[in-house]
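Asks: Generate a structure from the sequence data that follows.
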Amino acid sequence: MYRALVTIIRPFLKILFRIKIQGDRQLPEGPVVVIGNHTSDFDPFIVSILFDRQIHWMAKKELFSNKILAYILEKVGAFPVDRKNNDIRSMRKAMSILKEGKVLGIFPEGTRVKTIDYTQAKSGAALIASRMGAKVVPIYIEGKIKPFSKITVHRRPDLALPSGKRTEEEYEKDMVGIMKNIYEGVQYDGNTP
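Replies: Numbering: from 1, shown residues only. Model (predicted):
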């Protein structure tokens, strides 16, 4: 169903938003975490239509309260996350996706952002990528999401975080570094944000 939906919505979104990508459309092989800034409810669709591999998005649990929407979201590989609490179930689901060598998509700011604050991004994205030894693909969505506007998706260079279990402070530092990479293009090597 994922491929069918992408094929159907790709031409519509490309006309509606005049989308272009700067950077490689091919995602690396193996486990990958796509991490992006969040400006609109259209963000996961815009990012998904640009890349060759299916992205399994973490989505706020509120979207799953509508049975029809929940059915569609589940069919395209999205799964719910409780943004207000430590959601162990969604963390396990995310890790299982990566264990299978698939692609996970996360907007770590948790909500659409009007003012940039790197410290607001949840460190769970860095924790998941680090523990699972997954490549991180930072994505910056530039432009206002409104009809016939120009949207540029900047695919920043892939990152490899230090792997294994680390401290919460290290994951938070990683997340700040990733967010600077997304918004400013500042390269993060896992040492200095």
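
Asks: Mean pLDDT per element in this protein, and the minimum belongs to which helix or strand?
Replies: Of all helical and strand segments in the chain, the minimum by mean pLDDT, DSSP states H and E falls on helix 2-17, at a mean of 80.

Asks: what's that helix in contact with?
Replies: Helix 2-17 is contacted from outside by 19, 42, 45-46, 48-49, 54, 72, 75-77, 143, 145, 147-151, using CB atoms under 8 Å, 6 or more residues apart in numbering. Backbone N, C-alpha and C define where each C-beta goes, glycine included.

Asks: The residues you listed in strands, which ones?
Replies: Among the contacts of helix 2-17, the ones falling in strands (DSSP state E) are 19, 151.

Asks: May I see the ChimeraX selection of the buried members of the contacts of helix 2-17?
Replies: ChimeraX command restricting the contacts of helix 2-17 to the buried ones, with burial defined by 16 or more other CB atoms under 10 Å:
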select :19,42,45,46,48,49,54,76,77,143,145,151
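
Asks: ends of stretch 58-69, how far apart?
Replies: Taking CA to CA, to the nearest Å, stretch 58-69 runs 14 Å from one end to the other.

Asks: tell me which residues in that stretch are buried?
Replies: Applying a neighbour-count criterion of 16+ other CB under 10 Å, the buried positions in stretch 58-69 are 58-59, 61, 64.

Asks: between those, which is closest to residue 126?
Replies: The nearest member of these to residue 126, counting by CB to CB, is residue 58 at 13.7 Å.

Asks: which phi and psi does residue 160 have?
Replies: Backbone torsions of residue 160, given as degrees, to the nearest 10, read phi -120, psi 110.

Asks: ugh, wrong one, I meant residue 108
Replies: Main-chain dihedrals, residue 108, degrees, to the nearest 10: phi -70, psi -10.

Asks: does it really touch residue 129, like I thought?
Replies: No. Contact between residue 108 and residue 129 fails when scored by CB atoms under 8 Å: they sit 10.5 Å apart.

Asks: neighbour count winner among these two?
Replies: Between residue 108 and residue 129, counted using other CB atoms under 10 Å, the more crowded position is residue 129 (29 against 21).

Asks: Pull the distance from the one helix or strand that one maps to to the chain's centre.
Replies: Residue 129 belongs to helix 124-132 when elements are defined using DSSP states H and E. Centroid displacement of helix 124-132 relative to its chain, using CA atoms, centre = their mean, to the nearest Å, is 13 Å.

Asks: and it, C-alpha only, in PDB?
Replies: Backbone C-alpha positions of helix 124-132 (Å, rounded to 0.1, in the frame of the first residue of the first chain) are rendered in PDB as follows:
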ATOM      1  CA  GLY A 124      15.100   9.700  22.000                       C
ATOM      2  CA  ALA A 125      16.000   9.900  18.300                       C
ATOM      3  CA  ALA A 126      19.700  10.000  19.100                       C
ATOM      4  CA  LEU A 127      19.300   7.200  21.600                       C
ATOM      5  CA  ILE A 128      17.600   4.900  19.100                       C
ATOM      6  CA  ALA A 129      20.100   5.600  16.300                       C
ATOM      7  CA  SER A 130      23.100   5.100  18.600                       C
ATOM      8  CA  ARG A 131      21.800   1.900  20.300                       C
ATOM      9  CA  MET A 132      20.900   0.400  16.900                       C
END
